[in-house]
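**Student:** Just the structure for this:
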Amino acid sequence: MSHRPTQRPAISLTTLAERKALGEPIVMVTAYDFPSAQVAEEAGVDVVLVGDSGAMTVLGYASTVPVKTEELLMLSQAVRRGLKTPLMVGDMPFGSYEASNEEAIRTAQRFIKEAGCDAVKIERGGTSVERAAALVGAGIPVMGHVGLTPQTATALGGYRSQGRTAERALQVLHDALALQEAGCFAIVFEAIPTALTEAIMPRMEIPVIGIGAGPATDGQVLVFHDLLGIYDGHAARFVKRYASVRDEMIKGMSAYADEVRARRYPEEEHGYTMAPDEIARLHELLREQTGEPFTGGLTL
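**Tutor:** Down below sits the predicted model:
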C-alpha cells in the first residue's frame, strides 16, 4: 500500500504552478470532515476542496443550492483539523457572493479567517469574473469553475455536459480565459467534451483541474464519496469507483446487529474487570444499604 512520505512539504500555489510547468499531474479530492481529511492527508493528495457537494453527500440536501455559508464553514473547520499538507480550498455556496464584490469579499474572508482555508472557489464566468478579480485584489486566492456549474445547473438545463455545441464551447473558452485574466490561480473544468478541453488547454497558463473533462487537464478531481463508493446517489458518467466502502459499512453494521440480537456481542473480552477484593467490598456495601444479600451479576 502506498502512502505519502512522512515529511512531504506543504502544497502551495507555487507548487501547483510548478507542477503544471513540469507536466506533473495534480491530484485533487473533496473532503467534508475530520476523518475524510485524514484519509486525504495519508493518501498524499495535493489539493482538498471542501466542496458544496457536501450539501448532498453529508448533509442530505437534494442539491448544492440550499447549503448555507455557516454549514460549509463548519465542514471546512473540521477538514482543517485533519489536514496538514494539501492545499485547502473552500467552496463558496450559492447566494454568498453573487450580489456584490463586497459580499463576496466578506464571505471569502470568513473561509480564510474562520475555517483556515488557503483559497476559495467560485463558479461560472460572467459576473463571477468580476467577483474573482475583486477577491484576488483583496489578497484572497481564487479557484474558478467553468462548464457544468452545479449551483446554476437549472439554468444550464440540468446536470449535463456543457459546451457540446460550437457556440456553447466558445462561451466555456471565454469564461475560462476571463477567469484566468482575473487572476485565478487555477480553474476546474467540469463535464465538458474532451475535444473542447484539448482546444482550450494550450491557452491556459494556470493549472486546470478536470472532472469529466478528459485527460488533457493538469490534474483531476473527484468527490470523496463517489470515488470510494460511499454515496448511494446518482453517479455521473465520469465517476470511477476505486472502492465499495458503503457495501463494507453495511456489511459490518449488519454483522453487529445480528450479534447483538443473538446475544453474541458483547463477549467477556469486551468487558471490564474489578479486583476480587473490590467486588467483595461492593457486596458488603450493598448488604449494608439494602439489608439483603446482593443477587446481582458480580461474582468473586
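
**Student:** What sits closest to R131 if chain neighbours are left out?
**Tutor:** Distances taken as Cβ to Cβ, 6 or more residues apart in numbering place A104 nearest to R131, at 4.4 Å, with adjacent residues excluded. Every C-beta, even on glycine, is put in place using the N, C-alpha and C of the backbone.

**Student:** V136 too?
**Tutor:** G183 (3.6 Å).

**Student:** Equivalent analysis for S53, please.
**Tutor:** V223 (5.3 Å).

**Student:** and the residue nearest to V136, how many residues sit next to it?
**Tutor:** 16 (other Cβ atoms under 10 Å).

**Student:** dump the residue contacts of it.
**Tutor:** Counting by Cβ atoms under 8 Å, 6 or more residues apart in numbering, G183 makes contact with A132, A133, V136, G137, V142.

**Student:** of those, closest to Q162?
**Tutor:** For those, the residue nearest Q162 by Cβ to Cβ is A132; the value is 18.8 Å.

**Student:** For the residue lying closest to that closest one once chain neighbours are set aside, give its distance to E130.
**Tutor:** Spatial nearest neighbour of A132, excluding adjacent residues (Cβ to Cβ, 6+ apart): A182 at 4.2 Å. Counting by Cβ to Cβ, to the nearest Å, the gap from A182 to E130 is 8 Å.

**Student:** These two: who's more crowded?
**Tutor:** More crowded of A182 and E130, by other Cβ under 10 Å: A182, with 20 against 14.

**Student:** Surely the more buried one touches G126?
**Tutor:** No - counting by Cβ atoms under 8 Å, A182 does not reach G126; the two are 11.5 Å apart.

**Student:** So which of the contacts of G183 wins on neighbours?
**Tutor:** A132 (30 neighbours).

**Student:** So which residues make contact with whichever strand or helix holds it?
**Tutor:** In this assignment (DSSP states H and E), A132 forms part of helix 127-137. Residues outside helix 127-137 that contact it (Cβ under 8 Å, 6+ apart): 97-98, 101, 104-105, 108, 120, 122, 142, 144, 175, 178-179, 181-184.

**Student:** where along the stretch 51-200 of the chain do the helices fall?
**Tutor:** Applying DSSP state H, counting those that start in this stretch to the stretch 51-200 of the chain gives helices spanning 54-57, 69-82, 101-113, 127-137, 166-182, 194-200.

**Student:** Pass me the low-pLDDT residue ranges in the stretch 1-150 of the chain, would you?
**Tutor:** For the stretch 1-150 of the chain, applying pLDDT under 70 flags the ranges 1-7, 150.

**Student:** tally of neighbours for the closest residue in space to I187 that isn't next to it in sequence?
**Tutor:** Nearest residue to I187 in three dimensions, chain neighbours excluded: G144, at 4.1 Å (Cβ to Cβ, 6+ apart). By other Cβ under 10 Å, the residues close to G144 number 28.

**Student:** ok, G144 - contacts?
**Tutor:** 121-122, 125, 128, 132, 175-176, 179-180, 182, 184, 186-188.

**Student:** would you turn those into TSV with distance to R80?
**Tutor:** As requested, these are exported to TSV (distance: Cβ to Cβ, whole Å):
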residue	distance to R80
K121	16
I122	20
G125	29
S128	25
A132	23
D175	30
A176	29
L179	25
Q180	28
A182	26
C184	22
A186	20
I187	23
V188	21
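
**Student:** Tell me where the stretch 1-150 of the chain has strands.
**Tutor:** Ranges of strands in the stretch 1-150 of the chain, per DSSP state E, counting those that start in this stretch, are 26-30, 47-50, 87-91, 119-121, 142-147.
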